[in-house]
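Asks: give me coordinates for this.
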Amino acid sequence: MHLSKQTIIAHRGVHDHGTPENSLAAFQRAIDMDAEGLELDVQLANHRLVLKHDINEEETANLPTFQEFLNLIKASKYHGFLLIELKGSEGAQELYQQLQEAALDNELMLQSFWERPLREWRALDKEIPIGYLRHYPNRLSWQLAKNKIIQQVNLDYRYAPLRIFSPWWLPTYWWTINRPSVTWLLMHTAVSAIITDNISQALKYRRRK
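Replies: Okay, the predicted model is just below:
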């Protein structure tokens, strides 16, 4: 998905100083700090879509739900980019249904490390932007793109040098950019978006371009 400008995406919201990642408070802080995009982790747990990164046996009853996140976006009148990751292979259809019911006007992308959700989303919607999450590109990345399942592959920034060794035609958002030197470098290149835990740092370096 080609964003209209280089976009700084808050990784799981702004979650320093005791604010839990993937919490409604973390996303509200990111909104208040003028983050241009929000990245969040969603997973199906006990028949509910909750905001949570790790797939484990941790109690999920008190975690915020995806529906509550959507309500926050509406209530705050936030119009930034939404990068929504589904953790695990289950819940793709439920996530899509809640998203459609919310009828947001935000630009967005759905992404996952798992192949199954990517294919389920594409079967449900021929147009919605979909990204394949990888540490580094593989053969499946190219096959999914060739078959128009995904529009791009979103990669770990540490594998950026692989661009030198392979044909490169898929757009990429890079994660997770926190080191000042890497942030400075990428903010001075033609990347479409970076995903970072430190949006204030990224905004500062972009202002100095």
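
Asks: longest strand in the protein, by residue count?
Replies: The strand spanning the most residues in the chain, taking DSSP state E as the definition, is strand 37-45.

Asks: pLDDT below threshold where in this protein?
Replies: For the chain, the stretches flagged by pLDDT under 70 are 162-168, 209.

Asks: for the residue nearest in space to the middle of the chain, helix, strand, or coil?
Replies: What sits nearest the mean C-alpha location of the chain, by CA atoms, centre = their mean, is Leu83, with 3.1 Å. The three-state assignment at Leu83 reads strand, by DSSP: H, G, I helix; E, B strand; the rest coil.

Asks: which non-adjacent residue is nearest it?
Replies: The spatial neighbour of Leu83 that comes closest, neighbours along the chain excluded (CB to CB, 6 or more residues apart in numbering), is Glu39 at 4.3 Å. To be clear about C-beta, it is placed using only N, CA and C from the backbone, and glycine gets the same treatment.

Asks: check contacts around the one you found.
Replies: If you count contacts by CB atoms under 8 Å, 6 or more residues apart in numbering, Glu39 has them with 9-12, 83, 85, 175, 195.

Asks: show me which pair in those is furthest apart.
Replies: Maximum pairwise distance among the contacts of Glu39 (CB to CB): 13.2 Å, between Ala10 and Glu85.

Asks: looking at the two, which one has more neighbours?
Replies: Of the pair Ala10 and Glu85, Ala10 is the one with more neighbours under other CB atoms under 10 Å, namely 28 against 21.

Asks: before we move on, back to that, mind checking how far the longest strand of the chain is from the chain centre?
Replies: What separates the centre of strand 37-45 from the centre of its chain is 8 Å, taken as CA atoms, centre = their mean, to the nearest Å.
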